[in-house]
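**Q** here is my input, please return the structure:
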Amino acid sequence: MSGLFWLTDEQMERLRPFFPKSHGKPRVDDHNLLSGMIFVNRNGLRWRAAPREYGSHKTLYNCWKRWRGMGVIMQIMDGLSAAKAETQTIMIDATYLKTHRTVSSLRLKNGDPGRLIEWTKDGMSTRLHAITDQNGRSLSLFITAGQVSDYTDSSALLDSLPAAQWMLENRGNDANWFKEALKKKCIKPCIPERKSPNKPLKYDKRKYKRRNRIEIMCGRFKDWRRVATRYDRCPNVFFSTIDLATTVIFWI
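**A** Residues are numbered from 1 along each chain as shown. The predicted structure is shown next:
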């Protein structure tokens, strides 16, 4: 029991408003269920390997599947982050997540948009893109295939940017169109310019030092084994694991 993960009563109270309502049959203990989901996903276990203290592994998996389909995990993350986020300064970054060999097949069926997996120099991978607040806590996330560039993720995230004063970004996004788009949203860009022998770099170096917090965030994601190594073929299933990790690491 000592090595298992259990949510505290205070954490459960913050999460309870987001749980789906039961109809007819009495609910299984949400405390056990959610604690079991976290334990399995954090340690990269198969559902049948879940400790008995959390209850039946079939019940754990069925609840995870049902909540994922209903969007409960995403609603929890969005609800908690909206209440606690500090968005005076925001940041964008991306990180590679390796895929297990059993999910790396690229064969597509009719109507299948793909698994969002591509070859990179380190092997098959998926790329996670994130917007964070000034403390490095993720606000908005999405995943793409591994070879998608910084320009693509920045343009895709523009519409979901919260109201902010500053944006910290790496020099991979030193593009005039991106800076102009930020200014239209009344956000001041703090982006190092691309190195040039004829042009000095002009940006707020003191403020830019805070950008290491989003890099720390990417490292903390990879403490979760089912995030660091993708075991799920379906992108939606994998993304739900990322949302759960975000909620536990940063918002409860």
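**Q** CA only for contacts and neighbour counts going forward, please
**A** Will do.
**Q** could I get the full set of helices for this structure?
**A** 9-15, 30-43, 57-70, 72-84, 150-157, 176-184, 205-208, 212-221, 225-228, 235-246 (DSSP state H).
**Q** deepest-packed of the ones you listed, please.
**A** Comparing those by mean neighbour count (mean count of other CA atoms under 10 Å), helix 225-228 comes out on top with a mean of 22.
**Q** who touches residue 64 in this structure?
**A** residue 37 (CA atoms under 8 Å, 6 or more residues apart in numbering).
**Q** next: residue 193.
**A** Applying CA under 8 Å, 6+ apart to residue 193 gives the contacts 171, 174, 201-203.
**Q** one more: residue 143?
**A** 116, 126-129, 239.
**Q** tell me what it is bridged to.
**A** residue 128 (DSSP bridges).
**Q** rewinding a little: quick one: which two of the contacts of residue 143 are the most distant?
**A** The most widely separated members of the contacts of residue 143, counting by CA to CA, are 116 and 129 (12.7 Å).
**Q** more neighbours: those two, which one.
**A** Taking other CA atoms under 10 Å, residue 116 and residue 129 do not tie; residue 129 has more neighbours (23 against 19).
**Q** for that one, give me the pLDDT.
**A** pLDDT recorded at residue 129 is 89.
**Q** could you do residue 109 as well?
**A** pLDDT at residue 109 comes out at 56.
**Q** and for residue 248?
**A** For residue 248, the pLDDT comes out at 94.
**Q** give me the buried entries from the contacts of residue 193.
**A** Neighbour-count burial (16 or more other CA atoms under 10 Å) is assigned, among these, to residue 174.
**Q** remind me which residues of the stretch 51-200 of the chain are low pLDDT?
**A** Along the stretch 51-200 of the chain, the model assigns pLDDT under 70 to residues 104-113, 150-153, 195-200.
**Q** tell me how far the residue nearest to residue 220 when sequence neighbours are not counted lies from residue 218.
**A** Nearest residue to residue 220, sequence neighbours excluded (CA to CA, 6 or more residues apart in numbering): residue 249, at 7.8 Å. Separation of residue 249 from residue 218 (CA to CA, to the nearest Å) stands at 11 Å.
**Q** and stretch 38-54, end to end?
**A** First-to-last distance for stretch 38-54 - CA to CA - comes to 11 Å.
**Q** can you tell me what sits against it?
**A** Here stretch 38-54 has contacts from 1, 4-5, 32-33, 35-36, 57-58, 60-61, 223-227, 241, 244-245, using CA under 8 Å, 6+ apart.
**Q** rerun that using 7 Å as the cut-off
**A** With contact meaning CA atoms under 7 Å, 6 or more residues apart in numbering, stretch 38-54 is reached by 5, 32-33, 36, 57, 61, 224-226, 241.
**Q** how about those residues in JSON lines, adding distance to residue 101?
**A** JSON lines is the format used below for the contacts of stretch 38-54 (distance: CA to CA, whole Å):
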{"residue": "5", "distance to residue 101": "28"}
{"residue": "32", "distance to residue 101": "32"}
{"residue": "33", "distance to residue 101": "29"}
{"residue": "36", "distance to residue 101": "26"}
{"residue": "57", "distance to residue 101": "25"}
{"residue": "61", "distance to residue 101": "23"}
{"residue": "224", "distance to residue 101": "18"}
{"residue": "225", "distance to residue 101": "15"}
{"residue": "226", "distance to residue 101": "14"}
{"residue": "241", "distance to residue 101": "19"}
